[in-house]
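Student: got a sequence here, can you build the structure:
(chains A and B)
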There are 2 protein chains.
Amino acid sequence: MLKNIYFAEKPQEEECRMRLKAARERLAGLQMKIKEHKIPVLVLMEGWGTAGKGNIISQMIQNIDPRFFKVAAMDSPTQEERRKPFLCRFFAQIPEAGKFTFLDSGWMDEITGMRMRGRMSQEVYDRRIDSVKRFERQLTDNGYLVMKFFCHISKKQQRKRIEALVSDIDTRWRVNDNDLWQNRHYGKCLEVFDRFLDDTNTSSAPWYIIDAKSKKWAELQALETLIQGIEIALQNQSLSVPLLQNVFSLCQMPRLSEISLDKSMEEQRYKKELTRLQHELGELHNRLYRKKVPVVIVYEGQDAAGKGGNIKRITQALDPRGFEVHPIASPEPHEKARHYLWRFWTRLPKTGHIAIFDRSWYGRVMVERLEGFCSENDWKRAYNEINEFEKELQSWGAVIIKFWVQIDKDTQLERFNDRQNTPGKQWKITDEDWRNREKWDAYEAAVDEMLQKTSTAYAPWHILESVDKKYARIKALEIVAGELKKALE
Amino acid sequence: MLKNIYFAEKPQEEECRMRLKAARERLAGLQMKIKEHKIPVLVLMEGWGTAGKGNIISQMIQNIDPRFFKVAAMDSPTQEERRKPFLCRFFAQIPEAGKFTFLDSGWMDEITGMRMRGRMSQEVYDRRIDSVKRFERQLTDNGYLVMKFFCHISKKQQRKRIEALVSDIDTRWRVNDNDLWQNRHYGKCLEVFDRFLDDTNTSSAPWYIIDAKSKKWAELQALETLIQGIEIALQNQSLSVPLLQNVFSLCQMPRLSEISLDKSMEEQRYKKELTRLQHELGELHNRLYRKKVPVVIVYEGQDAAGKGGNIKRITQALDPRGFEVHPIASPEPHEKARHYLWRFWTRLPKTGHIAIFDRSWYGRVMVERLEGFCSENDWKRAYNEINEFEKELQSWGAVIIKFWVQIDKDTQLERFNDRQNTPGKQWKITDEDWRNREKWDAYEAAVDEMLQKTSTAYAPWHILESVDKKYARIKALEIVAGELKKALE
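Tutor: Numbering: from 1, shown residues only, chains lettered A, B, ... in the order given. Model prediction:
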């Protein structure tokens, strides 16, 4: 794109001023429509060092109420951030519905920066491109407006700017090593930038190249393009998008109705196994902490299936500094206003840590599907989105263990009654639990579909037969210990 | 995609039968909705030789009323088709709104076939991929549902099928050289197929890979995927899509108001020049016919600007066997029901021929824009679509000459009055001409925008100042002769 880019002629001073004025007013007006139509707008500003990315952003935001936007300067990832999947810090920044996020550099800068310095192999680069395309598609599929700008200047222009900045003691700090390096290796950088732009130029999130040789003109191009993007986004209401074919290899799963729930374990053996396995798990936890392997454990299951007690048997074995349990209830307003995976991306463990999710992103294809909290296109698309999300975790090196804790309808009734009749347990049972129970069959069908479609080879589901809780706990401990051992080999 | 493709487990015979029955009934029902919502559906069936593409199509169409679909087997291009841009014969096949077209192989087969035999350079391949992506995007942007299937079988399965077909005298004809060649070079073909699928797998027109090892199962996959695609398309009403940045270099054009219309030519000189230029043009026409250069000439201009007389002075010089004039009025119903460029794709000249369009595809950004015959998103997108269309013509080797024939408002009034008052000319003036005249200013603004945005370096606009028709005719002849000479050098 960059090499033969055609730029419109820069308009005369006077025309430029008038169009700028008009564009600023228009954007100020559009911010209310964005709010009203609940559209989240992500503006990614990439480009050459000293091309004026920051300046364009500061001009843009002057037309927007501070309550409606956020600016994030994405420098190199911190030590902490390096311990998360590379997309994590970008996903964390996505705006709420009705608001803007401006990113001063982002995933392009991170990837191309490493690539042009020879610090990223072709293989890793190809994987990153896949990840970026999936990330952007997940955003636009879920109603995000993603506007991607690249500020372009020539080698000569860049050198001039660097010289001007360096010559003044007050602006010298604004030139960094990266800018100098880019200018020395301009041709090589151009090659890498150009390739990246081509590789990620999609019809739902296309690139816009800004001729950044003059400040006002650059601002005008960015503003007018942003306005055009917003106007088009406003025309579309709750878009349906094609469902992609599954490309991940899947494990065959039984239907819930085929699972025999008569498995049990007698007390004596349970205690012995529990002690042995918890001891083993504790040791494994130390080793994976040292080896910096991240672990994600997911628990899903019917109400009263015994998830809480099961999780407790795992965590009893772990060093509290190295794990976290995330109980997942219905999303808070600020969570609901974002991509449904946002609250999970922002709860990922660091390398070497264990995150246990008591309920999870699978809510999308269970409760959100059944209660109509999202559209049919949304939940049908979610199987693939979830597989892609877990694929990111796996590529990052995570061990992913997913448990479906299964009981039958009679056992649930027994446990519900027990909860209702035991003063100390009454907090555990609500009207909603009874209401959900009425939809048992619909849930079962949804869970069957979920198990079939998301049991990937890299993140398969494990069934815990939990009519006898002791049996289920030992089985869970065995699976966790087994998976960790495999990962540490 | 192909190399690590994961296929769902083939269901049991009984389940397969039940799902097939359900899918067939569903498709039969959906055809009416497709009709009602005026959605055009293009089904592209690609895949290995003997994988059963034809069989899947024949199973699919059994569920659709013959009035609503068309099947086209796209063999290798004929001699005649080779004299058109390669996309031409595919564009010609796109369905009307509310109908299906099934293509038994298409642009993938043509491109990969040449590529795997080493008959297409990397450079041409890259250009073809760009063309294909633009073609598919133009279709989906304009509301087409484009479903792309690839029928996959293993080398062993293919060999077995070939052997079975060859062993029976009645089916031997169904195995062609291509099938045998593919099987011998299976690995190489896989490589090329895989690359093509990756290169053209977009989110608005994604590929679906069909596991074609069993007939019934292949049919089921295709049917269920098609149904899913239709259901999603039905959810979307008049979609707006992002406007892409212009990537073609543009020539600076004057505004209409800046053009001085006082140019004229006296009779004596006009006659001399006319004779000289028409003679020259005649000679050039012979040479370009021999050299097989295709020529596309477009005339646009206000009513009564003198397009007809101007065109006549060109055609007088040409051999009637080598040119065609296409007067373009409002589209017929079967034209309106397709992509607006369809009626131009299907009117392209063969190599060595000249096509003159008296009005053209530019109606999209003039009359269709101003009369509200298309949405704002439609006409705003059209500048790029038109530039892409003309780019295809240029890559194919065409000379493209576009004339804007310009007069002022007073001159138009004079000519209108003259037409109205001269019995022999009354047929040339209608109420609509008077109505259009009232919108003069709006037209002028639209034409200014059109001239700015579509005057590409490879297909620039030429202004013909036509208050003095003689001047305009000589200028047109000079430009045509000049461009043809350049092309023949």
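Student: okay, now the residue lying closest to A:Arg359 once chain neighbours are set aside: neighbour count?
Tutor: In space, A:Arg359 comes closest to A:Ile328 once its chain neighbours are excluded; the distance is 4.0 Å by CB to CB, 6 or more residues apart in numbering or on different chains. Backbone N, C-alpha and C define where each C-beta goes, glycine included. A:Ile328 is flanked by 18 other residues according to other CB atoms under 10 Å in any protein chain shown.
Student: just the one 4 residues further on next, same as before
Tutor: Taking other CB under 10 Å as the criterion, the count of residues near A:Glu332 is 9.
Student: hmm, who's touching whatever helix or strand A:Ala233 lives in?
Tutor: Taking DSSP states H and E as the definition, one finds A:Ala233 inside helix A:215-235. Contacts of helix A:215-235 from elsewhere in the structure, counted by CB atoms under 8 Å, 6 or more residues apart in numbering or on different chains, are A:10-11, A:16-17, A:19-20, A:23-24, A:26-27, A:30, A:33-34, A:37, A:39, A:41, A:43, A:45, A:51-52, A:55-56, A:59-60, A:63, A:145, A:147, A:149, A:151, A:208, A:210-212, B:240-243, B:245, B:377.
Student: give me the number of residues near A:Ile401?
Tutor: By the measure other CB under 10 Å, the count of residues near A:Ile401 is 23.
Student: SS state for it?
Tutor: strand (DSSP: H, G, I helix; E, B strand; the rest coil).
Student: picking that back up, quick check, the residue nearest to A:Arg359 in contact with A:Gly363.
Tutor: Yes - in this structure, A:Ile328 is within contact of A:Gly363 by CB atoms under 8 Å, at 6.9 Å.
Student: so which bits of the stretch 201-350 of chain A are right by chain B?
Tutor: A:202-209, A:225, A:228-229, A:232-233, A:235-236, A:239-250, A:252 (CB under 8 Å from any CB of the partner chain).
Student: which of the residues you listed count as buried?
Tutor: Among those, those buried by neighbour count (16 or more other CB atoms under 10 Å in any protein chain shown) are A:202-209, A:225, A:228-229, A:232-233, A:236, A:239-246, A:248, A:250.
Student: and the contacts of the helix or strand of chain A with the lowest mean pLDDT?
Tutor: Across the helices and strands of chain A, mean confidence by mean pLDDT, DSSP states H and E is lowest for helix A:431-438: a mean of 91. Residues from elsewhere that reach helix A:431-438 (CB under 8 Å, 6+ apart): A:Asp303, A:Ala304, A:Lys409, A:Gln412, A:Leu413, A:Phe416, A:Tyr443.
Student: restricted to helices, list those residues.
Tutor: Using DSSP state H, the subset of these located in helices is A:Lys409, A:Gln412, A:Leu413, A:Phe416, A:Tyr443.
Student: for chain B, what's its nearest residue on the stretch 301-450 of chain A.
Tutor: Using CB to the nearest CB, A:Asn377 is the residue of the stretch 301-450 of chain A that sits closest to chain B, at 6.3 Å.
Student: which residue, other than its chain neighbours, is closest to that residue?
Tutor: For A:Asn377, the closest residue by CB to CB, 6+ apart turns out to be A:Ser240, at 4.1 Å.
Student: now for that neighbour: which residues touch it?
Tutor: A:Ser375, A:Asn377, B:Ile232, B:Ala233, B:Gln235, B:Asn236.
Student: how about a markdown table for the residues you listed, with distance to B:Leu370 and pLDDT added?
Tutor: A markdown table is the format used below for the contacts of A:Ser240 (distance: CB to CB, whole Å; pLDDT from 0 to 100):
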| residue | distance to B:Leu370 | pLDDT |
| --- | --- | --- |
| A:Ser375 | 36 | 94 |
| A:Asn377 | 35 | 95 |
| B:Ile232 | 33 | 94 |
| B:Ala233 | 29 | 95 |
| B:Gln235 | 31 | 92 |
| B:Asn236 | 27 | 89 |
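Student: which residues in chain A form strands?
Tutor: Per DSSP state E, chain A carries strands over the ranges A:41-47, A:69-73, A:100-104, A:145-152, A:207-211, A:295-301, A:323-327, A:354-358, A:399-406, A:461-465.
Student: which ones are touching A:Trp404?
Tutor: A:Glu300, A:Gly301, A:Val447, A:Leu451, A:Trp461, A:His462, A:Ile463, A:Leu464.
Student: who does it bridge with?
Tutor: A:Glu300, A:Ile463 (DSSP bridges).
Student: next one, pLDDT for it please.
Tutor: pLDDT, A:Trp404: 98.
Student: what does A:Pro66 give?
Tutor: The confidence metric pLDDT takes the value 90 at A:Pro66.
Student: show me the contacts for it.
Tutor: With contact set as CB under 8 Å, 6+ apart, A:Pro66 has no partners.
Student: just the closest residue of the stretch 1-150 of chain A to chain B, please.
Tutor: A:Tyr6 (4.0 Å).
Student: which residue, other than its chain neighbours, is closest to that residue?
Tutor: Distances taken as CB to CB, 6+ apart put B:Ser249 closest to A:Tyr6, at 4.0 Å, once the chain neighbours are dropped.
Student: re earlier: and the helix holding A:Ala233, how far from the chain's centre?
Tutor: Remark: helix A:215-235 is offset 26 Å from the chain centroid, using CA atoms, centre = their mean, to the nearest Å.
Student: identify the residues contacting A:Met60.
Tutor: A:Leu27, A:Val43, A:Phe102, A:Glu219, A:Ala222, A:Leu223, A:Leu226.
Student: quick one, what contacts the second one?
Tutor: When the contact criterion is CB under 8 Å, 6+ apart, the partners of A:Val43 are A:Ile57, A:Met60, A:Phe100, A:Thr101, A:Phe102, A:Leu103, A:Met147, A:Phe149, A:Leu226.
Student: now it: how far from A:Leu27?
Tutor: Counting by CB to CB, to the nearest Å, the gap from A:Val43 to A:Leu27 is 11 Å.
Student: again, but for A:Arg195
Tutor: Relative to A:Leu27, A:Arg195 is positioned 32 Å away (CB to CB).
Student: of these two, who's got more company?
Tutor: Neighbours were tallied for A:Arg195 and for A:Leu27 using other CB under 10 Å; the higher tally belongs to A:Leu27 (21 against 16).
Student: which non-adjacent residue is nearest that one?
Tutor: Distance criterion CB to CB, 6+ apart; nearest residue to A:Leu27, sequence neighbours excluded, is A:Asn63 at 4.3 Å.
Student: ok, and the closest non-adjacent residue to A:Glu46?
Tutor: Using CB to CB, 6+ apart, the closest residue to A:Glu46 is A:Met108 (4.5 Å).
Student: and the gap between the one you found and A:Thr101?
Tutor: A:Met108 is 16 Å from A:Thr101, where distance means CB to CB.
Student: of those two, who's got more company?
Tutor: A:Met108 (21 against 18).
Student: isn't A:Gln62 right up against A:Arg24?
Tutor: Yes - applying CB under 8 Å, one finds A:Gln62 in contact with A:Arg24, separated by 7.5 Å.
Student: of those two, which one has the most company?
Tutor: A direct count of neighbours by other CB under 10 Å for A:Gln62 and A:Arg24 places A:Arg24 higher, at 18 against 10.
Student: OK, contacts around the more buried one?
Tutor: Neighbour list for A:Arg24: A:Gln62, A:Asn63, A:Leu223 [criterion: CB under 8 Å, 6+ apart].
Student: so what's it scoring on pLDDT?
Tutor: On the pLDDT scale, A:Arg24 gets 95.
Student: likewise the one 4 residues further on?
Tutor: According to the per-residue confidence, A:Ala28 scores 93 in pLDDT.
Student: which non-adjacent residue is nearest it?
Tutor: Excluding the flanking residues, the one nearest A:Ala28 by CB to CB, 6+ apart is A:Asn63, at 4.6 Å.
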